[in-house]
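> Quick one, fold the following:
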Amino acid sequence: MEKSIQRDFDGMPSVTIDEPRTRTPAGLTFVVGAANMPVSKYVSIKNVLLKMDHVVVRLFVNVARPIRNNHRTKADNIHCIFKELKTEYRVERYNIVGHSIGGKIALLVAALHNKDHSLRAIVALDPCDQSPTEFTNKAKGAKNLDLMSSDVDISLTHTGSGFFIKKEHSAEVIQRYNRSKFKLVKHFGAAHMAYCDEEEGKMSWKGLMDMVEKVNDDKDPEKDKFAKKDALELISVKCNSNVAQKASRKIKKSTKGVMKEVTGIFSDMEDDAKGISKSFTTKMAAANFMSKLK
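Numbers count the residues shown, from 1 in each chain. Below you'll find the predicted structure:
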């Protein structure tokens, strides 16, 4: 039976952990929201992951605490939480789905906290690299964090919206700075908050953002629906560890077949060599016998 629990971790109080029905989870995925966005806004994403038998760890991003190094601290927290949970849930690797600032935090984990290669995949939904800039700083002499050498499977979505997101720090530019290393899915015409769930009868941060975006950019609700549906499909593919495991098993099976064939060839060569040796020995013995008769 699925259940949700609240856990306190060092530096990250009130973390929501959703457990699947199975006792042996297929994976573990963090869902990291936009700035100060309640975790209740990402239920659709949670449900997709639970259907894949993933443990889902939903994080509320309080951008007011800590005051310094907020995003980097949260990236470090994610890796530390995984190290604490991996033994408990018997998983070796994990994924991150991040939205807005949560997407940037996910990329920080890949750049700074993946020496153990435990991070498998990231789906960053309309990430914004701001406050501070870490990956898209074009100031003279400025250094950006390296994502080119990362072995993480990274996918980004890009709406081109969000009245507070500067275009030079959007997903499209993050990809450009990394020489198109990542998969970029474009959701033009959708709102920045299209990936969040609605809460009936409540005025929320998402609702306020949607109102501002619609006034400024005249966004299309149908494009919002498509962006959300497409994002959920992307998450189901990229975070599905069973796909990777099946591919790995297929490669291993293929390798075993090749090795078996090679072993058979060497075995045949060995038999041929034995036959040649036996024939040669027989001929030498016969020649020796004939020489004695003379």
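> Relative to Asp153, how far out is Asn240?
11 Å (C-beta to C-beta, to the nearest Å). The C-beta positions use only the backbone N, C-alpha and C, and glycine is treated the same way.
> I'd like to know which elements whichever strand or helix holds Ile174 is packed against.
Using DSSP states H and E, Ile174 sits within helix 171-177. Judged by 3 or more C-beta pairs under 8 Å, 6 or more residues apart in numbering; DSSP states H and E, helix 171-177 is in contact with strand 153-158, strand 183-186.
> in the last one, what's buried?
Yep, that's strand 183-186 we're talking about. The neighbour-count check on strand 183-186 (16 or more other C-beta atoms under 10 Å) flags Leu184, Val185 as buried.
> hmm, back to that, distance to His113 and mean pLDDT added to the helices and strands packed on helix 171-177, as CSV?
Shown next, in CSV, are the helices and strands packed on helix 171-177 (distance: least, C-beta to C-beta, whole Å; pLDDT from 0 to 100):
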stretch, distance to His113, mean pLDDT
strand 153-158, 15, 98
strand 183-186, 22, 96
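> In CSV: the ones you listed, plus distance to Val97.
Putting the helices and strands packed on helix 171-177 into CSV (distance: least, C-beta to C-beta, whole Å) gives the following:
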stretch, distance to Val97
strand 153-158, 10
strand 183-186, 13
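> Tyr177: how many residues sit nearby?
17 (other C-beta atoms under 10 Å).
> distance of the nearest residue to it once chain neighbours are set aside from Asn144?
Spatially, and ignoring its direct neighbours in sequence, Tyr177 is nearest to Thr136 (5.6 Å; C-beta to C-beta, 6 or more residues apart in numbering). Separation of Thr136 from Asn144 (C-beta to C-beta) stands at 7 Å.
> you'd agree the residue nearest to Tyr177 is up against Val173?
Yes. Judged on C-beta atoms under 8 Å, Thr136 makes contact with Val173 at a distance of 4.9 Å.
> Show me where this protein has its helices.
43-51, 70-89, 101-112, 171-177, 205-217, 221-238, 241-293 (DSSP state H).
> Point out the other helices and strands that the third one packs with.
Translated: helix 101-112. Secondary elements touching helix 101-112 (3+ C-beta pairs under 8 Å, 6+ apart): strand 27-35, strand 54-61, helix 70-89, strand 94-99, strand 119-125, strand 153-158.
> between those, which one is nearest to Gln6?
Closest to Gln6 of those, according to C-beta to C-beta: strand 54-61, at 10.3 Å.
> That closest one: partners in the sheet, and parallel or antiparallel?
If you go by DSSP bridges, strand 54-61 pairs up with strand 12-19 (antiparallel), strand 27-35 (parallel).
> tell me the angle of the first one relative to helix 43-51?
Put simply, strand 12-19 runs at 50 degrees to helix 43-51, going by axes from the mean of the first three to the mean of the last three C-alpha atoms, to 10 degrees.
> ok and strand 12-19 relative to helix 70-89, angle-wise?
Using the same axes, to 10 degrees, strand 12-19 lies at 40 degrees relative to helix 70-89.
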